[in-house]
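# My questions concern the predicted model and sequence given below.
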Amino acid sequence: MKKIVLASASPRRRELLAAAGVIFQICAADGEEKITSDKPEEIVQELSRQKAMEVAAKFKLEEGSIVIGADTIVAYKNKILGKPTDESHAFETLKMLQGNTHQVYTGVTVLIRKQEKWQDISFSECTDVTFYPVSDEELQAYIRSGEPMDKAGSYGIQGSFGVYVREIRGEYTNVVGLPVGRLFYEMKQHGIELRG
């Protein structure tokens, strides 16, 4: 059976991949991220490739082994919103997003070991997310929960802030951190079955 390695420490990506029926190991990339583009869809692909390549270099993986790298960013009006630096930063971000539509981009790189080389399949997925208007009191209560502090855009759609989502255009799992439907579709196009 081929070995599949997820190059991410994200519990959300781990849960999504496991729920899809994939058996895999985890080895998080921890190298320095280098960005050469200013386009969100290119940035996430670049970072996902760096993560996958870093992890692939750590192992002597056999023929047919697969390494999956992913990176997610949130953007609003073409400005990239990272993880909040503190509670006031989280509040500013969420205040800006409430009542508006923003984009969530996830880049995915799949490396497949073939004839002692790595074949690279990369893509990015974009999902539009629109929030209902949210009061300052509701934002403060959410921030006090601590939930937004490790998340791009200062929220997790799968958590309690999900109640403020008015509309999603695109793949839901992409917003969580890994576009599982697109991943399986891309793998199928290359004759690769991730399950079993």
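Yep, that arrived.
# Buried residues of the helix or strand hosting Q103, list them for me.
Assigned by DSSP states H and E, Q103 belongs to strand 101-114. Within strand 101-114, the residues scored as buried using 16 or more other Cβ atoms under 10 Å are 102-113. Just so you know, the C-beta spots here come from the backbone N, C-alpha and C atoms, and that holds for glycine as well.
# again with stretch 119-126
Quick answer for stretch 119-126 (16+ other Cβ under 10 Å): 121-126.
# just stretch 8-25 next, same as before
Buried, per 16+ other Cβ under 10 Å, within stretch 8-25: 8, 10, 12-14, 16-17, 22, 24.
# what's the closest of the buried residues of stretch 119-126 to Y185?
F123 (9.5 Å; Cβ to Cβ).
# Who are the packing partners of the helix or strand of the chain with the lowest mean pLDDT?
Each helix and strand of the chain was given a mean pLDDT (mean pLDDT, DSSP states H and E); the minimum falls on strand 79-81 at a mean of 92. When contacts are defined as 3 or more Cβ pairs under 8 Å, 6 or more residues apart in numbering; DSSP states H and E, strand 79-81 sits against strand 66-76.
# who does the strand it packs on pair up with?
Counting by DSSP bridges, the strands paired with strand 66-76 are strand 4-6 (parallel), strand 79-81 (antiparallel), strand 101-114 (antiparallel).
# Quickly, which of these bottoms out on average pLDDT?
Note on these: strand 79-81 shows the lowest mean pLDDT, a mean of 92.
# ok, longest helix in the protein?
Assignment by DSSP state H gives helix 40-58 as the longest helix of the chain.
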